[in-house]
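# Fold the stuff below for me.
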Amino acid sequence: MGIRLVSTGSYLPEKILTNHDLEEMVETSDEWITTRTGIKERRISEKETTAELAYKASLNIPDLNPEELELILVATATPDAFFPSTACKLQALLGNKNSVAFDISAACTGFIYALYVADSIMRTKGVSKALIVGAERFSKILDWSDRTTCILFGDGAGAVLLEKSEEEGILGFDLGADGSYGDLLYVNSVGSNENPPYHLKMKGNEVFKVAVRTMVDSAKRVLEKTGVSPEEISLLIPHQANVRIINAVAERLGIDKSKVFVNLDKYGNTSAASIPIALDEAVKSGAAKKGDLILFVAFGGGFTWGSCLIRL
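Prediction:
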């Protein structure tokens, strides 16, 4: 008995914030942002909560029956409240009464962490169907006067449905964390003495170096564990943070750029939502097909990192 990822969905808010729009807000330029990040625009949620973004992404999963769900996990760094969890709010919106529901907080690696937790629960506790969502509303924690960070992030949600299956779909994981890097990328809580306490802070150059190293090492470990070579990978779906990070990771893994899925030019860094949004786009566009070997890899504040190999 295996676990398969059977269907996907995503949702992006309607409002588009372009690089040219940002030129009117902070001292920056479209050329500067594009050259250094690969981002051209991002989506901003003006009214929708994180739970509502997750809900709309879930509704876009074909043939989803909320009543059948036994587990709902939401990976998010931008929950609507300390509690109830975003997953519980999503459960209520879906009208589900039969599931365990909770959030996973691992920043941009959150979706892979959530997949790992769901996979473990499904294999050991008899759960047959699980909904895993990455949902973020980073626009509410950005300092819109800080040109080094406000240009990078966007809002959105991506969702996947996992089911027990005769076929094995989730082939292996590698996860890790190192809290000593915590001061490189963080958002303090409302109880912090920092004023204001809730803005994202990042040391970009240091983040870049650690991100590339940890993503490459993690991806190599999961390939080694599963006995798969880089040449066998059908598609690499990395966390969509920065095109230079993505290119460096692909090059060091020996994976051709034609096999790397990139959509951060349209959405920016949507944190835990970036991989499931990209996966849904890859599936809908035909870039990812049934039977493909797909490698996910991400890093995030914490520092956290992780990779996952699936057969679609």
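# Domains in the protein, by residue range?
Domain segmentation of the chain under automatic domain parsing yields 2-165, 170-311.
# and the ones you listed as CSV, adding mean neighbour count and mean pLDDT?
Every C-beta, even on glycine, is put in place using the N, C-alpha and C of the backbone. Formatted as CSV, these follow (neighbours: other Cβ atoms under 10 Å; pLDDT from 0 to 100):
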stretch, mean neighbour count, mean pLDDT
domain 2-165, 21, 96
domain 170-311, 19, 93
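# Would you check that residue 157 makes contact with residue 275?
No: between residue 157 and residue 275 there is no contact under Cβ atoms under 8 Å: 11.7 Å.
# Report the set of residues contacting both of these two.
Residues touching both residue 157 and residue 275 (Cβ atoms under 8 Å, 6 or more residues apart in numbering): residue 134.
# who touches residue 166 in this structure?
Applying Cβ under 8 Å, 6+ apart, we find residue 166 in contact with 1, 2.
# if I look at it, how far off is residue 3?
Distance, residue 166 to residue 3, by Cβ to Cβ, to the nearest Å: 11 Å.
# The chain: helices as residue ranges?
Secondary structure of the chain (DSSP state H): helices at 19-23, 30-37, 50-59, 86-94, 110-124, 204-226, 243-253, 264-267, 274-285.
# hey, C-alpha coordinates of the fifth one in CSV?
Written as CSV, here are the backbone C-alpha positions of helix 110-124 (Å, rounded to 0.1, in the frame of the first residue of the first chain):
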residue,chain,number,x,y,z
GLY,A,110,6.4,24.3,5.2
PHE,A,111,4.7,22.4,2.3
ILE,A,112,7.4,19.7,2.2
TYR,A,113,7.2,19.4,6.0
ALA,A,114,3.5,19.0,5.8
LEU,A,115,3.8,16.3,3.1
TYR,A,116,6.1,14.4,5.4
VAL,A,117,3.8,14.7,8.4
ALA,A,118,0.8,13.6,6.2
ASP,A,119,2.7,10.7,4.7
SER,A,120,3.7,9.5,8.1
ILE,A,121,0.2,9.7,9.6
MET,A,122,-1.4,8.0,6.6
ARG,A,123,1.1,5.1,6.7
THR,A,124,0.7,4.5,10.5
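# For the stretch 51-200 of the chain, which segments count as strands?
Secondary structure of the stretch 51-200 of the chain (DSSP state E, counting those that start in this stretch): strands at 71-75, 100-104, 129-137, 155-165, 170-177, 185-187, 200-202.
# quick one: contacts for the residue lying closest to residue 304 once chain neighbours are set aside?
Once flanking residues are discounted, residue 304 sits nearest to residue 109: 4.1 Å by Cβ to Cβ, 6 or more residues apart in numbering. Residue 109 is in contact with 175, 239, 272, 298, 299, 300, 302, 304, 305, 306, counting by Cβ under 8 Å, 6+ apart.
# related to what we said a few turns ago, now render the strands of the stretch 51-200 of the chain as TSV, adding distance to residue 42.
Output for the strands of the stretch 51-200 of the chain, formatted as TSV (distance: least, Cβ to Cβ, whole Å):
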stretch	distance to residue 42
strand 71-75	19
strand 100-104	23
strand 129-137	11
strand 155-165	8
strand 170-177	27
strand 185-187	18
strand 200-202	14
